[in-house]
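[1] this one's structure only:
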């Protein structure tokens, strides 16, 4: 237990806002559960940001057999001609089997020991930690040239998924077509007769206005706060978390410090109005990239305000997080990214992963 | 094999199906030449002649009244005895080795031979099905849960050559789903012939096999089954609570 | 703590190095806990009462010294759940103490349940497993 908490990976990268690394970081984080936007100095979310969610379509498929995902029509129509995001819903990574399809064409089956022994698909175990664990990760490359009917690999994979076990899951699904003429809702039409039920997943939005919020001072070139003019980056991260959770951070006097000693890191400045926007659902990286750009436009126009931030929350039970790294859940599977917009076109990127 | 099985000729043919071939090459002419036509006294003298002829000189008694082997000889040291017994073992080993060699060759041929056909083993499977039904001596179509224990006990002792087996689960995913008729069972292996006329050797360890008789599914946990088929009939199986690969 | 100047960015106009800071260990762990008390509505508890019960739980199992570990009650939600912050070194001890606590000083049976634990406070803002309850 202690080992997992201390091995939580946490790092900060300072970047230029127009950097390619930002877009690659966002598009590499496939399965996003929620967004948190903290925008000081305004009462409401700018129109440009809320517009980004308009054409975001996500569905939930109920009772879809897994072998449908290796069928040729599916691969041709969706995996090859767009970016598909599929993640099994209502499955827990530590106790259940989890399935994901990534936009780069990998079918990832995160299997428990019993299922793995009965399924008959080969898993790849690379690291020592993976070898010791009771879970097995089977990866199938749907885009490989050899993965087509008539080839031995394809036939055996299809046979195993179809006949061995009744692997049926609920899925979150979203699709971003390459071709602009194709509507991303066609993926739901395709699965309409292949699974029990297709449901539109609506986004759950919450906007809150916080008044007289203490905000920490941040300097882009001094993340560790050595000069005393700015806060340590870790304190800033905690502050963002406290705002997102709605924790009261006014400076404590003698009486109230009994319950909590957490207060806003020093030096700080008071922000009269602050907009906290939270949205949850199955959000595609494409949408997040749009939100990021919209917020960048907003923050470059308002440089005198305390820094705004955008947090991307990943799914706890996602078998992978950024860049296809395997993800495991021991106590908590939090994987998140936070962008802090700083003046002069700079940006901080926090990445936090715990298992 | 239990006594019941031995009393029925149909069952007896079964374990010998593969063995006939094996021993056919070991037939020796001198063991068979007119042996049956002799009476007892003739046989005795023939045997004496035979031993005189074939046994090594030091094994022969020179005289009927020789008492040397009735008393402990001081001259025969322990070392001598030891060496002597070693030689004996060597002889017996060489016989075994020879037998093993031929057996192994046959066994190897069985596995590697290209012209093994699934269809040739279908009669064997039919034979096994009738054998197992006789052995179970209950109507398999309407058995109830209380009988399962005795059925399983009988299955453990049964001969499995000709049994259609499926690999249900295995630590090695490549073996999972293999289906075929058992053509050979050894201590650690099942050799199956599959419908695509391929012979596959599946280790018993870390695998679970199933076979279906009408509407009863028998599950064989390979880890508990690591016994030679001959010895298995006599082995006492212990009930295990947790069965994990 | 390590600080490396790793890579150059591809944009040629504002030439600035990419700085990379990594923190090996997190100093705090945040626990989301719910409290149920027999025959009583735990949502009526205020922060001070909640904190008192947490300290009682720690005192019972860990003694006076163990109870001296600084525990911060960050937020009490209306439904009897709260967020507490504990030093990561003593997470297991405090977690165990909360689990073992069985009855309030007034003799009523009660139970703490840790719903979510995370080394990041942001992680507690959303729980992706909650969707199950929402949909089913």
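    The structure has been received and is ready for your questions. Just so it is clear, the structure is predicted and the values come from calculations on it, not from any experiment.

[2] pull the contacting residues for residue A:280.
    Taking Cβ atoms under 8 Å, 6 or more residues apart in numbering or on different chains, we find residue A:280 in contact with A:33, A:34, A:35, A:203, A:204, A:313, C:126. Using the backbone N, CA and C atoms, a C-beta is placed for each residue, glycine as well.

[3] which one of those is nearest residue A:335?
    Relative to residue A:335, the closest of the contacts of residue A:280 is residue A:313; by Cβ to Cβ it sits at 8.1 Å.

[4] state the mean pLDDT of whichever helix or strand that closest one is part of.
    Per DSSP states H and E: residue A:313 is located in strand A:309-314. Here strand A:309-314 scores 89 as its mean pLDDT.

[5] can you list the strands that that strand pairs with?
    Sheet pairing of strand A:309-314 (DSSP bridges) gives strand A:32-40 (antiparallel), strand A:335-342 (antiparallel).

[6] so which of those is nearest residue A:118?
    Smallest distance to residue A:118 across the strands paired with strand A:309-314 (Cβ to Cβ): 29.6 Å, for strand A:335-342.

[7] give me the contacts around the closest one.
    With contact meaning Cβ under 8 Å, 6+ apart, strand A:335-342 is reached by A:17, A:22, A:25-26, A:29, A:218, A:220, A:236-237, A:240, A:292, A:295-296, A:299, A:307-316, A:318, A:321-322, A:327, A:347-354, C:120, C:122-123.

[8] so which of these sit within helices?
    A:22, A:25, A:26, A:236, A:237, A:240, A:292, A:295, A:296, A:299 (DSSP state H).

[9] before we move on, back to that, could you dump the strands paired with strand A:309-314 into CSV and include mean pLDDT and mean neighbour count?
    Below are the strands paired with strand A:309-314 laid out as CSV (pLDDT from 0 to 100; neighbours: other Cβ atoms under 10 Å in any protein chain shown):
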stretch, mean pLDDT, mean neighbour count
strand A:32-40, 88, 24
strand A:335-342, 87, 25
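
[10] residue C:92: which of the ones you listed is closest?
    Nearest to residue C:92, of the strands paired with strand A:309-314 and by Cβ to Cβ, is strand A:335-342 at 22.6 Å.

[11] correct me if wrong, but residue C:64 is in a helix.
    Yes. Remark: residue C:64 belongs to a helix, assigned using DSSP: H, G, I helix; E, B strand; the rest coil.

[12] sorry, back to before: let's have the strands paired with strand A:309-314 in a markdown table, adding distance to residue A:115.
    Listed next are the strands paired with strand A:309-314 as a markdown table, based on distance: least, Cβ to Cβ, whole Å:
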| stretch | distance to residue A:115 |
| --- | --- |
| strand A:32-40 | 25 |
| strand A:335-342 | 24 |
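
[13] of those strands, which approaches residue B:232 most closely?
    Short answer: strand A:335-342, nearest of those by Cβ to Cβ, at 52.2 Å.

[14] now do the closest one: distance to the chain's middle.
    Relative to its parent chain, strand A:335-342 has a centroid offset of 12 Å by Cα atoms, centre = their mean, to the nearest Å.

[15] next one: stretch C:107-117
    With Cα atoms, centre = their mean as the basis, stretch C:107-117 stands 13 Å off its chain's centre.

[16] of the ones in helices among the contacts of strand A:335-342, which is the nearest to chain C?
    Here the nearest of the ones in helices among the contacts of strand A:335-342 to chain C, counting by Cβ to the nearest Cβ, is residue A:240; it sits at 6.2 Å.

[17] check what pLDDT the nearest residue in space to residue A:327 that is not next to it in sequence gets.
    Among residues not flanking residue A:327 along the chain, residue A:321 sits closest, at 4.7 Å (Cβ to Cβ, 6 or more residues apart in numbering or on different chains). Note on residue A:321: pLDDT of 74.

[18] hey, where'd the strands end up in the stretch 201-350 of chain A?
    In the stretch 201-350 of chain A, the segments counted as strands under DSSP state E, counting those that start in this stretch are A:204-216, A:268-283, A:309-314, A:335-342, A:346-353.

[19] need the contact list for the closest residue to chain C within chain A.
    Closest contact between chain A and chain C, by Cβ to the nearest Cβ, is at residue A:241 (2.8 Å). Residues near residue A:241 by Cβ under 8 Å, 6+ apart: C:30, C:120, C:121, C:122, C:123, C:124, C:125.

[20] please redo it, this time with the cut-off set to 10 Å
    Residue A:241 makes contact with A:36, A:247, A:311, A:336, A:338, A:352, C:30, C:74, C:83, C:118, C:120-125, according to Cβ atoms under 10 Å, 6 or more residues apart in numbering or on different chains.

[21] over to residue A:210?
    Applying Cβ under 10 Å, 6+ apart, the residues near residue A:210 are A:38, A:40, A:243, A:246, A:271, A:272, A:273, A:274, A:275, A:276.

[22] do the same with residue C:44
    Neighbours of residue C:44 in contact, by Cβ under 10 Å, 6+ apart: C:37, C:78, C:80.

[23] helices - which of those residues land there?
    Among the contacts of residue C:44, no member is found in helices (DSSP H).

[24] so residue B:155 touches residue B:211, yeah?
    Yes. Judged on Cβ atoms under 10 Å, residue B:155 makes contact with residue B:211 at a distance of 8.4 Å.

[25] overlap in contacts, those two.
    Shared contacts of residue B:155 and residue B:211, defined by Cβ under 10 Å, 6+ apart, are found at B:132, B:163, B:218, B:219, B:220.

[26] highest neighbour count among these?
    Highest neighbour count within the shared contacts of residue B:155 and residue B:211, by other Cβ atoms under 10 Å in any protein chain shown: residue B:163, with 25 neighbours.

[27] so it touches residue B:193, yeah?
    No. Contact criterion Cβ under 10 Å: residue B:163 and residue B:193 do not qualify, at 11.7 Å.

[28] give me the common contacts of those two.
    Counting by Cβ under 10 Å, 6+ apart, the residues touching both residue B:163 and residue B:193 are B:124, B:125, B:180, B:181, B:182.

[29] tell me the residues of chain A that contact chain B?
    Residues of chain A lying close to chain B by Cβ under 10 Å from any Cβ of the partner chain are A:113-123, A:136, A:138, A:156, A:159-160, A:163-164.

[30] and with 7 Å instead?
    Counting by Cβ under 7 Å from any Cβ of the partner chain, chain A comes close to chain B at A:117, A:118, A:119, A:120, A:121, A:122, A:160, A:164.

[31] now those in TSV, with secondary structure?
    Output for the residues of chain A next to chain B, formatted as TSV (three-state DSSP):
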residue	secondary structure
A:117	helix
A:118	helix
A:119	helix
A:120	coil
A:121	coil
A:122	coil
A:160	helix
A:164	helix
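
[32] among those, which are within reach of chain C?
    Within those, nothing lies near chain C by Cβ under 7 Å from any Cβ.

[33] nearest to residue A:59 among the contacts of residue C:44?
    Distance ranking of these against residue A:59, using Cβ to Cβ, places residue C:78 first at 32.6 Å.

[34] ok and the residue in chain C nearest chain B?
    Closest to chain B within chain C is residue C:99: 27.5 Å, counting by Cβ to the nearest Cβ.
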